[in-house]
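Student: could you work out the structure for the sequence below:
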Amino acid sequence: MRRTLRRTVAAVAMALCAAVLPAPLPANAEPPPAPAEAAAQWIDRDTVVWKGARRADARLEFGAAGQEGRIRLTPAALTPAEQAAYPHLKHFPAFAVDPRDSGLARAALRDRLVAVQPDADGRPVRTGVQIPGVLDDLYGPAAAEAPLGPVFRHGRPALAVWAPTARTVALELDGRTVPMRRDDASGVWQARGTRGWTGKPYRYVVDVWAPAAGRFVTNKVTDPYATALTADSTRSLLVDLADPRLAPRGWNRLRKPAAVPLNRARIQELHIRDFSVADRTSRHPGQYLAFTDRQSDGMRHLKALADSGTSYVHLLPAFDIATIPERRSDQARPDCDLAALPADSEQQQECVGKTAARDAYNWGYDPFHYTVPEGSYASDPDSPRARTSEFRRMVQGLNGAGLRTVMDVVYNHTAASGQDALSVLDRIVPGYYHRLLDDGSVATSTCCANTAPEHTMMGRLVVDSIVTWARQYKVDGFRFDLMGHHPKANILAVRAALDALTVAKDGVDGKAVVLYGEGWNFGEVADDARFVQATQGNMAGTGIATFNDRARDAVRGGGPFDEDPRIQGFASGLFTDPNPSPANGTPAEQRARLLHHQDLLKVGLTGNLADYTFTDTSGRTVKGSQVDYNGAPAGYAAAPGDALAYADAHDNETLYDALAYKLPQGTSAADRARMQVVAMATAALSQGPALSQAGTDLLRSKSLDRNSFESGDWFNALHWDCRDGNGFGRGLPPAADNKDKWPYARPLLADPALRPGCAQITAASAAYRDLLRIHAAEPAFGLGSAAAVQDALSFPLSGTAETPGVVTMRLGRLVVVFNATPQRQLQHVPALAGKRYGLHRVQARGADPVVKAASYEKRTGTFGVPGRTVAVFAAR
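Tutor: Here you go, the predicted model:
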């Protein structure tokens, strides 16, 4: 994930800011200046940890100046259980709460709170206090079981919000104020209503100490458990998702395509607006309802992919997004004739950039409300019914095309924190829902304000939200953004909650819902610093997949952050079709790196299994975990479903754009299309799940934009009609993330030979669909265990004599030859001499005339494969 956050339209921000009101202090009770840091951490009712504290007199103070209450602290040591729960704090000074003062904790947490200790001269030194741990200890067990958000029983609504540190909470309902009652055991505030409340807008009015403001504030804030919202999310709406009026026709009788196990899943990653906004045949461009336009070019293409073996569409974020004006009248549009500008011009990106903060486009990785559909994709964001019913119709439309639905979810961060107008959670329980660093500042390693799913109620919010999407919207899978920032236990709790859903009780089979995510290991949580993370290696054996960057980098070449984007890999010409970049090294260095990439690719083809044993290109017998990937083990999976294969996704350049940089500039459009298919085949024909960015089979380009999260429709829209091109040459990509690459990009974009025509686009798509058909037809591509893979899959020519640029894989009755070189290659497999093989029937009858020239000589066991071609042979 590589993106930054922008702010929504000024009018919306101003309206939300008006809901942050300073609360009056008691008479003669001005607070002292708030400490700049919060270095003390109250981790449970009995223990405080204070980084940098002296082992001397210390205390907690709460309340207004001159009226402080005090909680005495004495030096102590963390227990083994506390060290296990807080490994990053185990070397810091610890203090025990004096038992005589333990009863003051609940009152202290609802007031101004500081830790105090004298310095060497006896002067008081104050620091703020982090409180998530003690809140979990005091309130977590009861709060974890309490109903939250809107709950309907027999048509009568109740509302509940967790706000244990608030002095008071009231309900602002349709312009009037309703008192709420606090449950002291859980810290939950509740109000029960009448049927007349249904459909009304509401907010919570929370009177609470806000460390970011240094005073008590009265926040008027929407419901973090909201199920419906007004336009631009200014109010929550009290809506029952079980209301039959929100169910489109046939919803309760929806027949889904047969569930596909994760280890056989073939997934298309798709942005809702990209899908249809430029599709002239869609009646609902840019909307949920575009997926109900069965005869549109986009839906016809998705149906063709489904018929070929694609099983899931993965939708980029579709929850309520903080940075898109929802009413079309508020959405800015570029005021330029973009199509008239030169292909290598700076003007397109400049014009698009002027409206980027106010237009209709964003990837959506800036969540506002986690469990409400985004309003800008609805036909009418002011309608309380449109978001819900039209999201459901989208699911129906995809299911009707033979595709199950995966939703991209982003619980690892929020759009804002503190008293920001776009902050929700932190204005209800300040300092709780976000992960704080040792000084009390909010961690931002994800890009934005990191949440803390290791805290009881943030972890619960993740689980509750996922279950709602599965039950109420019949979503078939979830992709976790930056999953490595979640505890493994949190993701396993999601799995357990889904597994408990049944068709009889909930209308869905939760065990059939698939889960995968980004298992990257970085930031303040890296290397399990705070908890056991949901990272690649840690998730092995759970049935929850993580993205496999090892094979991705080997196939594409280089990495996402290379200064020179021309570094080549297996499918981009390394050694076999070199470009002039000095970053690729000498021919000898290129050959050695290519052969190592082939070992990485082999491990990837097994499902990235850690214990898979084979002969590497140096002649050694190794396990997948013994193959090096930038100092880490390449193989990390315990079973074929643990690693998800891909050659491109929304992050970084599209595959076509990566190859535009890496292949020699003189490479023909036809050969570029063939290399695109070679790269896609490495994922499509691997063990385990595989994902492809929508349009990659159509040679999709974003005009070399490596981070198009707010690059507008101009750079992002999909072009289903090949006569509209593939998106290449729409100007230099936006400067913010690409200007350093402009010297490389300009001559490529200006070269008309790099813009493929219909012949190349349709050929690539047809060849890719043939590969999908082969995968779908052959059970050997979906082996269920590491042992089965070890038994059935081998690389018979792997070793010191291996051909650079060619990988030959034997899989049961199949032989697959990946030939990434420009030349025809012969692969002699002595063990198969005398056995009968022929080109797989799908390719023999398929769309690609080049692969039909592949050959097999029975006498010697020799397979002949044309250049830039992947051929699948089957035993006769």
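
Student: which residue packs closest to Met299, ignoring adjacent ones?
Tutor: Spatial nearest neighbour of Met299, chain neighbours left out: Asp293 (5.7 Å); criterion: CB to CB, 6 or more residues apart in numbering. The C-beta positions use only the backbone N, C-alpha and C, and glycine is treated the same way.

Student: wait, that neighbour sits on Gly286?
Tutor: No - applying CB atoms under 8 Å, one finds Asp293 not in contact with Gly286, separated by 11.9 Å.

Student: ok, Val217 to Ser329 distance?
Tutor: From Val217 across to Ser329, the span is 33 Å (CB to CB, to the nearest Å).

Student: where along the stretch 651-800 of the chain do the helices fall?
Tutor: 655-662, 669-684, 712-716, 735-738, 742-749, 758-777, 786-792 (DSSP state H, counting those that start in this stretch).

Student: oops, could you answer that again for the stretch 501-650 of the chain instead?
Tutor: Residue ranges of the helices in the stretch 501-650 of the chain, as given by DSSP H, counting those that start in this stretch, are 503-506, 549-556, 587-605.

Student: could the ones you listed go into JSON lines alongside mean pLDDT?
Tutor: What follows is the helices of the stretch 501-650 of the chain, written out as JSON lines (pLDDT from 0 to 100):
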{"stretch": "helix 503-506", "mean pLDDT": "96"}
{"stretch": "helix 549-556", "mean pLDDT": "98"}
{"stretch": "helix 587-605", "mean pLDDT": "98"}
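
Student: pick the most deeply packed of those.
Tutor: Ranked by mean neighbour count under mean count of other CB atoms under 10 Å, those are led by helix 549-556, which reaches a mean of 25.

Student: run the chain-centre distance for that helix.
Tutor: Computed by CA atoms, centre = their mean, to the nearest Å, the chain-centroid distance of helix 549-556 equals 19 Å.

Student: and Asp506, what does it touch?
Tutor: Contact analysis of Asp506 by CB atoms under 8 Å, 6 or more residues apart in numbering lists Arg471.

Student: coming back round to it: which residues do Asp293 and Gly286 both contact?
Tutor: Here Asp293 and Gly286 have Ser276 as joint contacts, going by CB under 8 Å, 6+ apart.

Student: of those two, which one has the most company?
Tutor: Gly286 (23 against 20; other CB atoms under 10 Å).

Student: count the neighbours of the closest residue to the more buried one other than its chain neighbours for me.
Tutor: Setting aside the residues directly before and after it, Gly286 is nearest to Val277 in space (CB to CB, 6+ apart), at 4.1 Å. Neighbours of Val277 under the rule other CB under 10 Å: 21.

Student: give me the distance between Val277 and Ala694.
Tutor: The gap separating Val277 from Ala694 is 13 Å, by CB to CB.

Student: phi, psi for Leu289 please.
Tutor: Backbone geometry at Leu289, expressed as degrees, to the nearest 10, gives phi -70, psi -10.

Student: surely it touches Phe391?
Tutor: No - using CB under 8 Å, Leu289 makes no contact with Phe391, being 9.9 Å away.

Student: before we move on, back to that, tell me the pLDDT at the residue nearest to Gly286?
Tutor: Val277 is assigned a predicted lDDT (pLDDT) of 98.

Student: Ala23 too?
Tutor: 41.

Student: same check, this time on Gln536
Tutor: Looking at Gln536, its pLDDT reads 98.

Student: ok, it - contacts?
Tutor: Here Gln536 is in contact with Gly484, Gly519, Trp520, Asn521, Thr546, Asn548, Tyr636, Ala643 (criterion: CB under 8 Å, 6+ apart).

Student: make it 6 Å
Tutor: Gly519, Thr546, Tyr636 (CB atoms under 6 Å, 6 or more residues apart in numbering).
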